[in-house]
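**Q** Sequence first, then the predicted structure:
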Amino acid sequence: MKQFLSFAKKEFLHIFRDTWTMMIILVLPVIMMLLFGYAVTTEIRDTNIGILDNSGDEISNRLIDKLDESEYFSVVKVFKSNSEIEKAFRKSEISLSIIIENDFSKKLINQANPKIQMIADASDPNHAKTLVNYASGVIAQSLMQESKANSPLSQINTEIKLLYNPLMKSSYNFVPGVMGFIIIIVCSMMTSISIVRERERGSMELLLVSPVKPITIILSKVTPYFFLSIINILTIFLVSYFVMGVPIKGSLLWIFLLCIVYILVSLSLGILVSTIAKTQLVALVISAIILLMPSMLLSGMMFDISSMPLILQAIAQVMPAKWFISAIRKLMIMGVDVRFVLNEFLVLFSMGVVLILISLKKYKNRLE
Amino acid sequence: MEDVIIVKDLTKRFGHFVAVDNISFNVKKGEIFGFLGANGAGKTTAMRILCGLSRPTSGEAMVGGFDIRHETEKIKKNIGYMSQKFSLYQDLKVWENIKLFAGIYGMKKNEIALKTDILLNELGFEKEKDTLVKDLPLGWKQKLAFSVAIFHNPKIVFLDEPTGGVDPITRRQFWEMIYDASQKGITVFVTTHYMDEAEYCDRVSIMVDGRIEAMNSPKELKREFNAENIDEVFRLLAKKSTRKEI
C-alpha cells in the first residue's frame, strides 16, 4: 500500500510537471465543448431567407412575420418575381426561399389545399434538409394558430414533432459524444503512452528489478488518470449544464456510475495498447487510429449509425464509446429509468472484464 | 569470505539461440566483479537472470543466499540496480527521486529523511535537493543514481554500463564511490566497455559468445595472456567470436 501511494504520487508529479499533459487534460475538454457547441453547430439560427408572396393577403403576411420572428430565420429579401430568386441564390444572399401561391387565404378557407413552395440551397444537402424541416415546422405552427382563430381551414399536411430535443439543439447530441471522446484520450491514449514511456526510457526495468509487484506498478500508473477523467467528466457536465443549458434529466448516481464503468473500460484498453506498443509513437498511433477515430466517427456522435454500411455498423458495435454515448444520451437527455440502459451497462461491463483479463495476461507475459 | 553470488552451469536459450552457454562463477562479499563482453556476448541476459527478471533454461544460481528460480522476490529486496539507459526520473526533484526509490524498497520515513540529508551532504548536493534531475549535469546524475541504487543498503549492486557517456574525471570519482560501497561490504557486479575501468575491478570475467572465456584478477589475466592491459586481453579473446552483433 505504501509502495502504491508513493508510486501514484510520482505519477501525479509526472502529469503536473508536463505542461502539454496538463493542457490536454484541463483545456481540451473545454475547447472541445465550445468548439462543438458554437462552431461545429448543426443548429439553424437567423438564416437569411427570401419570400415571394404572390398572394399578399392577411394570412400570408402573418405567416411571413412568423418566419421572420422565429429565431431560426430572418427575412432579408422580398421578391417580386421568380427571376429575382435565382439571382439572390447566386449571390448567396439567401439559403432558402419560400414562395406562396395566389389566393393563399382564399384557398385555405375553401379547403383547396394551397401550395407553399420552398427552394433551398442544397450545396450542403444536410443543411438544406434541416432548413426545410425548420421552415415547415414554423409554417405548420403558424397555420395551426390561424385555424384556431378562424373557422376550420384546409387540412394541414405538415406535422413535425421533435422528441427529447424539441429545439433540435445539437449540444444535446454532442455533449455525450465529447465525454466519450475525452475519456478515450485521457484513459486510453495518455495512459498507454505513459506506460510505454517508462519502458522506452528504461525505468520500467528498474521498477521490475525492485520488489514492487507489476500489478502495483500498473495500478498506480492508471490511478491518476482515473481521477483526472472524473474531473474531466465533471467539467464537461458543468460546462454543458451552465454554459450550454443542456438539462440533466436522469439520475446523477447512475450517470456517474456509467461514467466510471466507461472510464475503467478505457483504462484497460490503454493498458492493452501499452502491452502491444513498443514505442510512445506506436502507442499514440494505435490509440489514435484504432480507438480515437472510430470513437468519433462510428460511435453515433457525428453520424447516425443505422445509416452506415453494414461493415461499419458491425465495427461500431465493438466500440465502447458507442455504448457509452447511447446510454448517457438516454440517461441524461431523455431521463429514462436505468432499466432501459441495462443493455449498455452490461455490454460495457463485460467489455471491461474481458479487456482487463487480456491486458493483465499480456502484461505478465511481457515480463518473462 | 562467503560467496554472495553462486552461479552453476547457467544456460539461457531463446529458441535455437544460446544466449548464455553453461556459465559458472562465484562472487565474494564486498568484491568488485567486472563482467565484460562484447555486445551480444550474453552479459545482459546473464545479469537479467541474476536480478530475477528472466528465468534460466537450465542451471542454478544463488544471489544473496536466495535461489533465482523460487525466491526472486527475496532477491529483489536485497539487490540494487543501475543502468546507463536510465538514471532516475528527470521530471522529479533530487529528493523526490531518493524518497520514491527508498519507499519502493520499504524504508521507513524517518530513516529516509535522515539518510537523505547524510547522502546529500556526502555528495555535496545540499543546494540541489530541490533541483529537477533533468537540470543536473550527466556526471552528477550518474553519481546520484548510484547513491540511490545503494540507498537501501543492498547486499549486491548490479551496475549495467554505469559510466556510459561520462567524462574521465567524473568516471574516476564514480569509481571512488564504487570502492566506498565495496568497503562497506556491498558486492559490486559491474558491466562496462571501458577497458581501463576493468583494471579497477578485483576480478573480471570476459564473456565471448555466451561462454566465460577468462576469469581472474586483472593482474593475473594480463600475465596469463602476456598482455600489457585488459584491453589487449579482451581483443585476443574477442577474436574467437563467431557470433554476429545483434
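**A** Received it, and whenever you're ready, just let me know what you need.
**Q** Point out where chain B drops to low pLDDT.
**A** Applying pLDDT under 70 to chain B flags residues B:1, B:244-246.
**Q** Residues of it that sit close to chain A?
**A** Proximity of chain B to chain A, by C-beta under 8 Å from any C-beta of the partner chain, involves residues B:51-55, B:73, B:76-77, B:79, B:81-83, B:85-86, B:89, B:91-92, B:96, B:99-101, B:103-106, B:132, B:158. Glycine gets a C-beta too; all of them are placed from N, C-alpha and C.
**Q** in chain B, which spans are helices?
**A** Counting by DSSP state H, chain B has helices at residues B:43-50, B:72-78, B:94-104, B:109-123, B:138-149, B:168-183, B:195-198, B:218-224, B:230-238.
**Q** I'd like to know which of those is closest to B:Gly65.
**A** Nearest of these to B:Gly65, taken as C-beta to C-beta: helix B:72-78 at 8.1 Å.
**Q** can you give me the strands in the stretch 1-150 of chain A?
**A** A:47-53, A:73-79, A:96-100, A:116-120 (DSSP state E, counting those that start in this stretch).
**Q** Pick out the residue in the stretch 101-250 of chain A sitting closest to chain B.
**A** A:Gly202 (3.5 Å; C-beta to the nearest C-beta).
**Q** Run through the residues that contact that residue.
**A** A:Gly202 makes contact with B:Ser83, B:Lys85, B:Phe86 under the criterion C-beta atoms under 8 Å, 6 or more residues apart in numbering or on different chains.
**Q** And the pLDDT for the closest residue to the last one other than its chain neighbours?
**A** Beyond its immediate neighbours in the sequence, the residue positioned closest to B:Phe86 (C-beta to C-beta, 6 or more residues apart in numbering or on different chains) is A:Gly202, lying 3.5 Å away. What the model reports for A:Gly202 is a pLDDT of 81.
**Q** Could you do A:Arg366 as well?
**A** With respect to pLDDT, A:Arg366 has a value of 51.
**Q** Then A:Asp18?
**A** In this model, A:Asp18 carries a pLDDT of 87.
**Q** can you list the domains in chain A?
**A** A:2-40+A:170-367, A:47-149 (automatic domain parsing).
**Q** Determine which of the ones you listed approaches B:Phe174 most closely.
**A** B:Phe174 lies closest to domain A:2-40+A:170-367 among the domains of chain A, at 18.0 Å (C-beta to C-beta).
**Q** Chain B contacts on the stretch 1-150 of chain A?
**A** A:Lys2, A:Gln3, A:Ser6, A:Phe7, A:Lys10, A:Leu13, A:His14, A:Arg17, A:Asp18.
**Q** Try it again at 7 Å.
**A** A:Lys2, A:Gln3, A:Ser6, A:Lys10, A:Leu13, A:His14, A:Arg17, A:Asp18 (C-beta under 7 Å from any C-beta of the partner chain).
**Q** Just the buried residues of those.
**A** Burial by neighbour count, judged by 16 or more other C-beta atoms under 10 Å in any protein chain shown, picks out A:Gln3, A:Ser6, A:Lys10, A:Leu13, A:His14, A:Arg17 from these.
**Q** Adding mean neighbour count, write the helices of chain B out as TSV.
**A** Formatted as TSV, the helices of chain B follow (neighbours: other C-beta atoms under 10 Å in any protein chain shown):
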stretch	mean neighbour count
helix B:43-50	23
helix B:72-78	18
helix B:94-104	22
helix B:109-123	14
helix B:138-149	21
helix B:168-183	15
helix B:195-198	19
helix B:218-224	15
helix B:230-238	19
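**Q** now A:Arg329, nearest residue through space, not along the chain?
**A** Excluding the flanking residues, the one nearest A:Arg329 by C-beta to C-beta, 6+ apart is A:Pro176, at 4.9 Å.
**Q** Please look at that neighbour and A:Ile328 and confirm they touch.
**A** Yes: between A:Pro176 and A:Ile328 a contact is recorded at 4.2 Å, counting by C-beta atoms under 7 Å.
**Q** Buried ones in stretch A:116-125, by neighbour count?
**A** Neighbour-count burial for stretch A:116-125 flags A:Ile116, A:Ile119, A:Ala120 (criterion: 16+ other C-beta under 10 Å).
**Q** residues in contact with the residue positioned nearest the centre of chain B?
**A** Note on chain B: the residue nearest the mean C-alpha position is B:Leu159, at 2.1 Å, using C-alpha atoms, centre = their mean. When contacts are counted by C-beta atoms under 7 Å, 6 or more residues apart in numbering or on different chains, B:Leu159 touches B:Met82, B:Val188, B:Phe189, B:Val190.
**Q** Then A:Ile64?
**A** If you count contacts by C-beta under 7 Å, 6+ apart, then A:Ile64 has A:Ile51, A:Asp53, A:Val75 around it.
**Q** any idea how far B:Phe158 is from it?
**A** Look at A:Ile64 and B:Phe158: by C-beta to C-beta, to the nearest Å, they are 86 Å apart.
**Q** Once you drop chain neighbours, what's closest to B:Ile156?
**A** B:Thr187 (4.4 Å).
**Q** and the residue nearest to A:Arg329, how many residues sit next to it?
**A** 26 (other C-beta atoms under 10 Å in any protein chain shown).
**Q** isn't A:Gln313 right next to A:Ser307, touching?
**A** No: judged on C-beta under 7 Å, A:Gln313 makes no contact with A:Ser307 at a distance of 9.2 Å.
**Q** which one of these two has more residues nearby?
**A** When A:Gln313 and A:Ser307 are compared for neighbours, A:Gln313 comes out ahead with 14 against 8, by other C-beta under 10 Å.
**Q** Remind me which helix or strand that one belongs to.
**A** helix A:310-317 (DSSP states H and E).
**Q** ok, and for that helix, which residues are buried?
**A** Buried, per 16+ other C-beta under 10 Å, within helix A:310-317: A:Ala316.
**Q** Likewise for stretch A:58-71?
**A** Of the residues in stretch A:58-71, A:Ile59, A:Ser60, A:Arg62, A:Leu63, A:Ile64, A:Lys66, A:Leu67, A:Ser70 count as buried by neighbour count, 16+ other C-beta under 10 Å.
**Q** what's the closest of those residues to chain B?
**A** A:Ser70 (55.6 Å).
**Q** Measure how buried the residue lying closest to that closest one once chain neighbours are set aside is and give me the count.
**A** Once flanking residues are discounted, A:Ser70 sits nearest to A:Val138: 5.1 Å by C-beta to C-beta, 6+ apart. A:Val138 is flanked by 21 other residues according to other C-beta under 10 Å.
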